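Novice: Need coordinates for the below:
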Amino acid sequence: MLTDALGSKPSKLMRALDYPYAIPDASFTLVGGAAAPFAPALRRGRVPVIGYGSNQSPDRLRQKYGTDHTPIPVQRARLADHDVVYSAHLSVYGALPAALRRASGTSVAVAVTWLDADQLVVMHASEAHNYVYAALTGVHLALDDGTVLDSAHAYLGKRGNFAVDGSAVALAAIAAEGRRLTALLQRDALDLARARIAPESDLASFVAATVDDAAERARRIARLAAHAIAAEHPPHIVVHEPTGDERDRG
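Specialist: Predicted structure coming up:
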């Protein structure tokens, strides 16, 4: 379970390893920071934004929006010809976060967060520095009510993809059909990153140093980037690239 307190070394490790946190099987509406029944009428006038990592989780959305926010409809969907892989960077809470990657023949489980203008401002800030906000075209995004969207928005990774033996690595915690990439749990992927860039450290110490020392985190991200493979994104137009004064929580 995601908690606000980072606290001790073991709790920091637990938070990192919990990524991408608990993801409901059904659509929901985030109300007061908690999952309530899905309210499709609230989608009207909002922007469909694909959440493919922890943005599918009420726990992580509560971290971003708190408990005093307007309701956010979050709808289950499947995105064709894509997979969710590990990004070649480390988050401020020590995890290897997700990135979206084109993957022919793979259908991956995602969520569509239907966001209004104010909610987008919060989400932009939470994805600063490691992602750009883009309008995707020519996608096949099947919502759980049978509707299929051919366009949507998403945050696309800027750091490239974490690679093992020259190939991207999928998140085992994210369900997919027709997956061709090797899939690993966060613990295993993060331990591979640790072995690559800080082999002298145990995993708990590695995560704690990543969380506690921003300069060290930046050095580690640079080392991961040196071994990353290029991202493969769907056709898109960058709509917003977060500025340096937007806080990176992601």
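Novice: these two touch, right, residue 67 and residue 32?
Specialist: Yes. In this structure, residue 67 is within contact of residue 32 by Cβ atoms under 8 Å, at 4.9 Å. For the C-beta atoms, the positions are set from N, CA and C on the backbone; glycine is no exception.
Novice: How about the residue nearest the centre of the chain: what's its closest non-neighbour residue?
Specialist: Central residue of the chain (Cα atoms, centre = their mean): residue 53, 3.1 Å from the mean position. Once flanking residues are discounted, residue 53 sits nearest to residue 98: 3.0 Å by Cβ to Cβ, 6 or more residues apart in numbering.
Novice: So that neighbour is in contact with residue 56, correct?
Specialist: No. At 9.5 Å, residue 98 does not count as touching residue 56 under the criterion of Cβ under 8 Å.
Novice: Report the set of residues contacting both of those two.
Specialist: Both residue 98 and residue 56 are contacted by residue 20, under the criterion Cβ atoms under 8 Å, 6 or more residues apart in numbering.
Novice: Using PDB, write out every CA atom in the top strand by length along the chain.
Specialist: In the chain, taking DSSP state E as the definition, the longest strand is strand 98-115. Below are the C-alpha coordinates for strand 98-115, written out as PDB (Å, rounded to 0.1, in the frame of the first residue of the first chain):
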ATOM      1  CA  ALA A  98       6.700   3.200 -16.700                       C
ATOM      2  CA  ALA A  99       6.900   4.300 -20.300                       C
ATOM      3  CA  LEU A 100       4.600   3.600 -23.200                       C
ATOM      4  CA  ARG A 101       6.100   1.800 -26.200                       C
ATOM      5  CA  ARG A 102       4.800   0.700 -29.500                       C
ATOM      6  CA  ALA A 103       4.600  -3.100 -29.700                       C
ATOM      7  CA  SER A 104       2.900  -4.700 -32.700                       C
ATOM      8  CA  GLY A 105       0.500  -7.400 -31.700                       C
ATOM      9  CA  THR A 106       0.300  -6.500 -28.000                       C
ATOM     10  CA  SER A 107      -2.800  -5.200 -26.400                       C
ATOM     11  CA  VAL A 108      -2.100  -3.700 -23.000                       C
ATOM     12  CA  ALA A 109      -4.400  -2.800 -20.100                       C
ATOM     13  CA  VAL A 110      -4.500   1.000 -19.400                       C
ATOM     14  CA  ALA A 111      -6.900   3.500 -17.800                       C
ATOM     15  CA  VAL A 112      -8.200   6.700 -19.300                       C
ATOM     16  CA  THR A 113      -8.200   9.600 -16.800                       C
ATOM     17  CA  TRP A 114     -10.800  12.100 -18.000                       C
ATOM     18  CA  LEU A 115      -9.300  15.400 -16.900                       C
END
